[in-house]
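Novice: Fold the following.
(one chain, ligands or ions: 2)
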Amino acid sequence: MPLAAEPDDTHEEGEDQQLLLAKKGEPTLEGLVVGSYCHDVLIRGGRVVGETLGGAAAFVSNVLDAASPREAEQGEAPFVVVSKVGRDFAYASAPAPARRPPLLCASPTTSFHAQFSDAAASAHAPDRELRRVHACDPIYPADLPDRRFAYGLAVGVAGEVLPETLERMIRLCRAVLVDAQALIRAFDGDGAVGHVALEDTPYARLLPRVAFLKASSEEAPYVGVETARRRCCVIVTDGRDGCRLYWDGGEARVAPFPAVQVDPTGAGDSFLAGFAAGLLWGLSATDAALLGNFFGAAAVSQAVKEILEEKIAKRSSPCINGTTFTFDRSSVHDELHAALQEAARLIPEQQQADPTNGNCGDICSV
Ligand SMILES: Nc1ncnc2c1ncn2[C@@H]1O[C@H](COP(=O)(O)OP(=O)(O)O)[C@@H](O)[C@H]1O
Ligand SMILES: O=P([O-])([O-])O[C@@H]1[C@@H](O)[C@H](O)[C@@H](O)[C@H](O)[C@@H]1O
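Specialist: Ligands and ions are numbered 1, 2, ... in the order given. Okay, the predicted model is just below:
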């Protein structure tokens, strides 16, 4: 497995034996996540159906906080997020930015319009067209903290992780995991997101010093899997079909977990963070990909949230910190109970109905 830094660059010889495991006497596995939070506007049938916090850094933070190892007594998983937003940033108090605040810039917060088609998630047809409507400042090498990290995640969404910033990450981190969307996105005059061949970018020469490169099936042709796998391990995620790992000399398929897809946003980001968390626990790459598939499936299936939105009108008074708890059955109890029961029943049913999920979460070497 390639090491992030060149042998005599920043690290001691032999460090690659235990890529992401803490060394004896090292208390933490501190990580460095680089990529900006953004505003996402979700559009279906020409109508705005939601406005949310976006940016891979937000999804990644939530998953790492939930799944990565932490020291006993320590409230938060040990990682730093380097992200940039403008003064218009609307989600400063959302959990991820509140825990790891972004750097403030004069330019507006990066913003995407995501236009959804009604097609179900498929590896073969993109179910979302993205348009970047604002771009915040890039993240420069000098924006990164000047210390060593156990691992780094390069998770830009709008070209904000510059080649020199990725190079600096590689120098600072023992292992770097990269989302291809940070490297190969191109934006036309209208902001529509397209792709360029990775080989034609200044990032290509850095691949031999990257540990893992993750791409969606839509991005994979631009990554050039056959060339890239000779330089680092390539993971291609395939929506409801799970993912495949390609390395120099082998490949494996890791089957998905069943999910009822509500919103595909953040599946790839959550996958990568789940995968990284798996490596931090000392799992093999294929087992870590299982954890990635699990978090990808969890990201797309916001079933419970949808039920709550549909069945319960949001209460005007807070009832967690206030004194407004009641212990009676509410008027929506029966309806809510039935909807949750139905959602729970659908999970095993969908698993049976979809033969590709028969070996859900299983690994096959190919
Ligand atoms: N409909 C789905 N059902 C189950 N798992 C899914 C589904 N969609 C995505 N996933 C999981 O999330 C991962 C990433 O999803 P994918 O759609 O390939 O990424 P992206 O969001 O980058 O396009 C997949 O490899 C899979 O594990
Ligand atoms: O859905 P996904 O591919 O994992 O990642 C998404 C990015 O592609 C998108 O640019 C951003 O606006 C979303 O918030 C999310 O980060």
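Novice: Just say helix, strand or coil for the residue minimising distance to the centre of the chain.
Specialist: Nearest residue to the geometric centre of the chain (Cα atoms, centre = their mean): Asp269, 1.3 Å. At Asp269 the chain is in helix, as set by DSSP: H, G, I helix; E, B strand; the rest coil.
Novice: my guess is it contacts Asp179, does it?
Specialist: Yes - in this structure, Asp269 is within contact of Asp179 by Cβ atoms under 8 Å, at 7.2 Å. No exception for glycine: its C-beta is placed from N, CA and C like everyone else's.
Novice: Mutual contacts of those two, please.
Specialist: Shared contacts of Asp269 and Asp179, defined by Cβ atoms under 8 Å, 6 or more residues apart in numbering, are found at 56, 155.
Novice: Per-residue pLDDT of the residue nearest to the centre of the chain, please?
Specialist: We note a pLDDT of 98 for Asp269 in this prediction.
Novice: where's it relative to Val234, distance?
Specialist: 17 Å (Cβ to Cβ, to the nearest Å).
Novice: if you go through the stretch 1-150 of the chain in chain order, where are the strands?
Specialist: Listed in chain order, the strands of the stretch 1-150 of the chain (DSSP state E, counting those that start in this stretch) span 31-34, 38-44, 47-54, 79-82, 84-86, 103-105, 111-116, 128-134, 149-154.
Novice: mind checking how far the fifth one is from the chain centre?
Specialist: If you compare the mean C-alpha spot of strand 84-86 with that of the full chain, they lie 19 Å apart, counting by Cα atoms, centre = their mean, to the nearest Å.
Novice: hmm, it in reach of ligand 2?
Specialist: No - contact of strand 84-86 with ligand 2 is not found when judged by Cβ under 6 Å from any ligand atom; the minimum separation is 13.0 Å.
Novice: For the closest residue to ligand 2 within the stretch 1-150 of the chain, name its beta-bridge partners.
Specialist: Closest contact between the stretch 1-150 of the chain and ligand 2, by Cβ to the nearest ligand atom, is at Gly54 (2.5 Å). Beta bridges link Gly54 to Cys38, judged by DSSP bridges.
Novice: and it, what pLDDT?
Specialist: Note on Gly54: pLDDT of 97.
Novice: Surely it and Thr109 touch.
Specialist: No - using Cβ under 8 Å, Gly54 makes no contact with Thr109, being 9.9 Å away.
Novice: who touches both of these two?
Specialist: Common contacts of Gly54 and Thr109 (Cβ under 8 Å, 6+ apart): 37-39.
Novice: near ligand 2, which of those show up?
Specialist: Within the shared contacts of Gly54 and Thr109, those near ligand 2 by Cβ under 6 Å from any ligand atom are Cys38.
Novice: For the shared contacts of Gly54 and Thr109, give me TSV that also has pLDDT and neighbour count.
Specialist: Output for the shared contacts of Gly54 and Thr109, formatted as TSV (pLDDT from 0 to 100; neighbours: other Cβ atoms under 10 Å):
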residue	pLDDT	neighbour count
Tyr37	98	28
Cys38	98	29
His39	98	23
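Novice: what's the helix or strand for the residue lying closest to Val223 once chain neighbours are set aside?
Specialist: Nearest residue to Val223 in three dimensions, chain neighbours excluded: Ala215, at 4.6 Å (Cβ to Cβ, 6 or more residues apart in numbering). Using DSSP states H and E, the element containing Ala215 is strand 212-216.
Novice: strand partners of that strand, parallel vs antiparallel please.
Specialist: Under the criterion DSSP bridges, strand 212-216 sits next to strand 173-179 (parallel), strand 233-237 (parallel) in its sheet.
Novice: Among the ones you listed, which comes closest to Arg147?
Specialist: For the strands paired with strand 212-216, the distance to Arg147 is smallest for strand 173-179, at 10.4 Å, taking Cβ to Cβ.
Novice: quick one: the helix or strand just after that closest one to chain centroid distance?
Specialist: Counting by DSSP H and E, the next helix or strand C-terminal to strand 173-179 is helix 181-184. Helix 181-184 sits 13 Å away from the centroid of its parent chain (Cα atoms, centre = their mean).
Novice: same thing with stretch 240-249?
Specialist: That offset, for stretch 240-249, works out to 17 Å (Cα atoms, centre = their mean).
Novice: Next, the contact list for whatever residue of the stretch 151-300 of the chain ends up closest to ligand 2, please.
Specialist: For the stretch 151-300 of the chain and ligand 2, the shortest gap (Cβ to the nearest ligand atom) falls at Gly268, measuring 3.2 Å. Listed by Cβ under 8 Å, 6+ apart, the contact set of Gly268 reads 56, 179, 181, 214, 216, 237, 296.
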